[in-house]
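*Asks:* okay, predicted coordinates and the sequence, questions at the end:
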Amino acid sequence: MEVTRIFLTSEKIVTPITLALVSDLHNRNAKKVLAELEKLHPDMILMPGDIFDHQPLPGKRKQYESLRFLQECGKIAPAWFSVGNHEWVAEENLEAILASCGVALLDDTAQRVGIKGNDVVIGGLTSPCGRAGRYSRLYTPDPDVKFLDRFSDMKGYKILLSHHPEYYPRVIAQRSIDLTLAGHAHGGQIRFRGQGLFAPGQGFFPKYTSGLYDGKLVVSR
């Protein structure tokens, strides 16, 4: 596992805060992730989807690892969660599951929070694939852009959790959103000399696979 640290500045942030971005665990054992989070002491833990997985691991018919991770996250720091394309496995109970772990669900919704004297607004852009339980590896259907319009009109430092980084050039970059956190691309599935070879929704040689883009988009591997 690799931890990437990115430092950003904004006139809207008056006191430094630490954000922890965790995505795409897919019901895998996350002991190393939890150990890093405990060392980091983040002010916020932000999860843009696919903590669950549609295919449980052998011998684990339920989403045990996902639940354990979420329960521990709720003990480390305030945590927020948006819907990725695999969350449909827990669709009927997702909000109740997260609430029991002390994690807030952002389902095309936003919350305003005060963090160290900062006015922060966190929004969660729901993956349409998370509702249908299926998606095309070549094209991702459009999300709820009406929610994006409402969110971008809000005051404060706006952080958007968007599972799909391919939405950034299509519907996010042109809106007044300070920071977008994404996953889904898995670093380009296979990386060669720092270049991802394929990502669902972006196709071959994808642009948004890992790290910081345009000073406003961070993609987790």
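*Replies:* Received, thanks.

*Asks:* name the surrounding residues that touch the longest helix along the chain.
*Replies:* For the chain, the helix with the greatest residue count under DSSP state H is helix 64-76. Residues from elsewhere that reach helix 64-76 (Cβ atoms under 8 Å, 6 or more residues apart in numbering): 22, 25, 27-30, 33-34, 37-38, 41-42, 45, 47, 51-53, 57, 79, 81, 97-98, 101-103. (C-beta placed from N, C-alpha, C; glycine too.)

*Asks:* just the helices in the chain please.
*Replies:* Under DSSP H, the chain gives helices at 31-40, 64-76, 94-100, 128-132, 145-152, 167.

*Asks:* packing partners for the shortest one?
*Replies:* In terms of contact count using 3 or more Cβ pairs under 8 Å, 6 or more residues apart in numbering; DSSP states H and E, helix 167 is assigned no packing partners among helices or strands.

*Asks:* how close does the closest residue to Y168 other than its chain neighbours get to Q111?
*Replies:* Excluding the flanking residues, the one nearest Y168 by Cβ to Cβ, 6 or more residues apart in numbering is L217, at 4.9 Å. L217 is 21 Å from Q111, where distance means Cβ to Cβ, to the nearest Å.

*Asks:* between the helices of the chain, which gets nearest to R175?
*Replies:* R175 lies closest to helix 145-152 among the helices of the chain, at 4.0 Å (Cβ to Cβ).

*Asks:* any idea how far the closest one is from the middle of the chain?
*Replies:* 17 Å (Cα atoms, centre = their mean, to the nearest Å).

*Asks:* what mean pLDDT does that helix have?
*Replies:* Helix 145-152 shows a mean pLDDT of 96.

*Asks:* buried sites along it?
*Replies:* Neighbour counts using 16 or more other Cβ atoms under 10 Å place F147, L148, F151, S152 of helix 145-152 among the buried residues.

*Asks:* for the chain, where's the lowest mean pLDDT among helices and strands?
*Replies:* helix 128-132 (a mean of 67; mean pLDDT, DSSP states H and E).

*Asks:* from E87, how far off is the residue nearest the centre of the chain?
*Replies:* Here the mean C-alpha position of the chain is nearest to the C-alpha of P48 (Cα atoms, centre = their mean), at a distance of 1.5 Å. Going from P48 to E87 by Cβ to Cβ gives 11 Å.

*Asks:* for this structure, which residues score under the pLDDT cut-off?
*Replies:* Across the chain, the ranges flagged by pLDDT under 70 are 54-63, 86, 88-92, 130-138, 185, 187-190, 192-193.

*Asks:* try it again at 90.
*Replies:* 1-2, 24-30, 49-69, 74, 83-101, 127-144, 183-210, 221 (pLDDT under 90).

*Asks:* please enumerate the strands of it.
*Replies:* If DSSP state E is used as the criterion, the strands of the chain fall at 19-21, 44-47, 79-82, 103-106, 109-115, 118-125, 157-162, 179-182, 191-192, 195-196, 198-199, 203-204, 211-213, 217-219.

*Asks:* helices or strands next to the first one in the packing?
*Replies:* Pointing back at strand 19-21 there. Short answer (3+ Cβ pairs under 8 Å, 6+ apart): strand 19-21 packs on strand 44-47.
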